[in-house]
Each structure stands twice: as structure tokens, then as C-alpha cells.
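Chemist: how would this look folded up:
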Amino acid sequence: MHNHLQCATVVADMSDAELIEIWSKMADPDRPTDLEEAVVDEMERRDIDF
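Modeler: Model prediction:
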């Protein structure tokens, strides 16, 4: 992925289960990748508990 906005477009089409799976496998939550950051943002937008 190239940047956070491109990642946001990709994760918007993911299911809740896919988002949770990516979130649960984050290697370093203090330094998320662009994709991981977009996943967290999308989970917050959807009000998914994590």
C-alpha cells in the first residue's frame, strides 16, 4: 500500500471479520503500517469493539 488514503479505500470494502483479523495480527500497535492505521480508523467508524 502506498498511503493511508489508498488503504482507507481498500479497507472500506472489507468485512468486519477481515478488519478484526488484520487488527489482531498487528506486529507493533505503537507503529502501525498505513494499512493497519486505516483498519483501526475503519473499525472506529463502524463502531467495532476492539
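Chemist: which stretches of the chain form helices?
Modeler: With DSSP state H applied, the chain shows helices at 4-12, 16-24, 34-45, listed in chain order.
Chemist: How about residues contacting the longest one?
Modeler: With CB atoms under 8 Å, 6 or more residues apart in numbering as the test, helix 34-45 has contacts from 1-4, 6-8, 10-12, 14, 19-20, 22-23, 26, 32, 50. C-beta here means a position set from N, CA and C on the backbone, and glycine is covered the same way.
Chemist: Tell me the buried residues within these.
Modeler: If you count burial by 16 or more other CB atoms under 10 Å, the buried members of these come out as Cys7, Ala8, Val11, Met14, Leu19, Ile20, Ile22, Trp23, Met26, Pro32.
Chemist: Low-confidence stretches in this protein?
Modeler: In the predicted model of the chain, residues 1-2 satisfy pLDDT under 70.
Chemist: Grab the most central residue of it for me.
Modeler: Among the residues of the chain, the one closest to the centroid is Val39, at 0.9 Å (CA atoms, centre = their mean).
Chemist: contacting residues for the residue nearest to that residue when sequence neighbours are not counted?
Modeler: Here the nearest residue to Val39 in space, its sequence neighbours aside, is Ile22; by CB to CB, 6 or more residues apart in numbering that works out to 4.8 Å. If you count contacts by CB under 8 Å, 6+ apart, Ile22 has them with Val11, Met14, Leu35, Glu36, Val39.
Chemist: can you put those residues in TSV and add distance to Arg46?
Modeler: Below are the contacts of Ile22 laid out as TSV (distance: CB to CB, whole Å):
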residue	distance to Arg46
Val11	10
Met14	10
Leu35	16
Glu36	16
Val39	11
